[in-house]
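1. the following comprises the amino acid sequence and a computationally predicted model.
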Amino acid sequence: MNGNSMARSAEIYTYESQSLVYAMNWSVRKDKRFRLAIGSFREECNNTVEIIQLDEDKGSFTCDPALTFRHDYPPTKLMFAPDKEACRPDLLATTGEFLRIWRIHEDGVQLERLLNNNKQSEFCAPLTSFDWNEADPKRLGTSSIDTTCTIWDIEKGEVDTQLIAHDKEVYDIAWGGPGVFATVSADGSVRVFDLRDKEHSTIIYESPHPDTPLLRLGWNKQDPRLMATLLMDSSKVVILDIRYPTLPIAELQRHQACVNALAWAPHSSAHICTAGDDAQALIWDLSSLGSTQEPALDPILAYSAGAEVNQLQWSSAQPDWVAVCFANKTQILRV
């Protein structure tokens, strides 16, 4: 198969980039079905972001060179604006050493805003991740290795709130509502913050082994009581119910190597997808979970990729499609 290959029978479509890829996400707009953004992973300044589109008639991806743009350092995350109805400008956010907001036109991509949360310096501590608030799309929260989280008003290009979130690097952030977000950190804790009371946070979970970093956090959009997190170099996924702090309600333990990514189903409160270094993407049904620890769960669906899976995103606009990244390939799968 060529670089933009297709496998119609299994409903899997693959796009091949020039270099390793890491950051990736789906477009949300209903007028841009099967559009994704992909960030290269080169350990140098000169990286790129490609915007690709599946040609549904041909069954292959196309990449318009006019919509490929340079990015300083590998993007740690990409997200399209949460604008399903396509009534606002077509925006894409990226994090690296800064938060950047890009505007996508038919014939090119322009940098709309470059946002630095450090007023004392032109330099900024690297940003590890961010999340765009679906309920209040002018709000975007970033996490940083300098222990802080910054909540931006991206319409004004101003910091709304900046707070010291953890004792060590903050690795991920997720919104759970208009004014509530959660973070995970190298200090091994999951913390929940409410913007109405910025002085306090609630610790929902701490790593069983002190100082084992937590790398990723997913907050279930359909059931905000549920969260999922990943421990560094661990093959298990921890499922949390915020009503029962400190004790996981489940641990998903069927991966054979460390897990790198997770994504809750956008349309179902009971399903989550996880992927990792065992080259597997697994979908789990958590509907049997009660408030106590259940016996070991098995995934309901498994997909084997061609290499370690570094990235995973579940399309909110087309919830029967999941995207994964491994090596230099981006693949979308119908689930």
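-> Received the coordinates, thanks.
2. now stretch 277-292: how far from the chain's centre is it?
-> 18 Å (Cα atoms, centre = their mean, to the nearest Å).
3. count the neighbours of Cys63 for me.
-> By the criterion of other Cβ atoms under 10 Å, Cys63 has 16 neighbours. For every residue, glycine as well, the C-beta is placed using N, CA and C.
4. Asn25 now?
-> Neighbour count for Asn25, taken as other Cβ under 10 Å: 22.
5. what distance do you get for it to Val49?
-> Per Cβ to Cβ, to the nearest Å, Asn25 is found 11 Å from Val49.
6. do the same with Ala302
-> Per Cβ to Cβ, Ala302 is found 30 Å from Val49.
7. same question, Ile145
-> 22 Å.
8. and for Ser185?
-> Using Cβ to Cβ, we find Ser185 at a distance of 27 Å from Val49.
9. looking only at neighbour counts, state which of the two leads.
-> Between Ser185 and Val49, counted using other Cβ under 10 Å, the more crowded position is Ser185 (26 against 23).
10. any residues in contact with both of Asn25 and Val49?
-> Ala37, Leu78 (Cβ atoms under 8 Å, 6 or more residues apart in numbering).
11. how far away is the nearest residue to His209 once chain neighbours are set aside from Ile204?
-> The shortest distance from His209 to any non-neighbouring residue, by Cβ to Cβ, 6 or more residues apart in numbering, is to Gly188 (7.8 Å). To Ile204, Gly188 is 12 Å away according to Cβ to Cβ.
12. and for Cys325?
-> Counting by Cβ to Cβ, the gap from Cys325 to Ile204 is 28 Å.
13. neighbour count winner among these two?
-> Shown here are Cys325 and Ile204; by other Cβ under 10 Å, Cys325 has more neighbours (30 against 21).
14. is it true that the more buried one touches Ser19?
-> No - if you go by Cβ atoms under 8 Å, Cys325 and Ser19 don't touch, sitting 11.8 Å apart.
15. now do the shared contacts for those two.
-> Counting by Cβ under 8 Å, 6+ apart, Cys325 and Ser19 have no common neighbour.
16. can you classify Asp131 by secondary structure?
-> strand (DSSP: H, G, I helix; E, B strand; the rest coil).
17. Arg139 is in contact with that one, correct?
-> No - the criterion here is Cβ under 8 Å, and Asp131 misses it with Arg139 at 9.5 Å.
18. strands of the stretch 1-150 of the chain, residue ranges please.
-> Residue ranges of the strands in the stretch 1-150 of the chain, as given by DSSP state E, counting those that start in this stretch, are 6-7, 12-16, 21-26, 35-40, 46-55, 60-63, 69-72, 77-80, 91-95, 99-105, 108-115, 127-132, 139-144, 148-153.
19. tell me the angle the fourth one makes with strand 46-55.
-> If you take axes from the mean of the first three to the mean of the last three Cα atoms, to 10 degrees, strand 35-40 sits at 160 degrees to strand 46-55.
20. all set, thanks.
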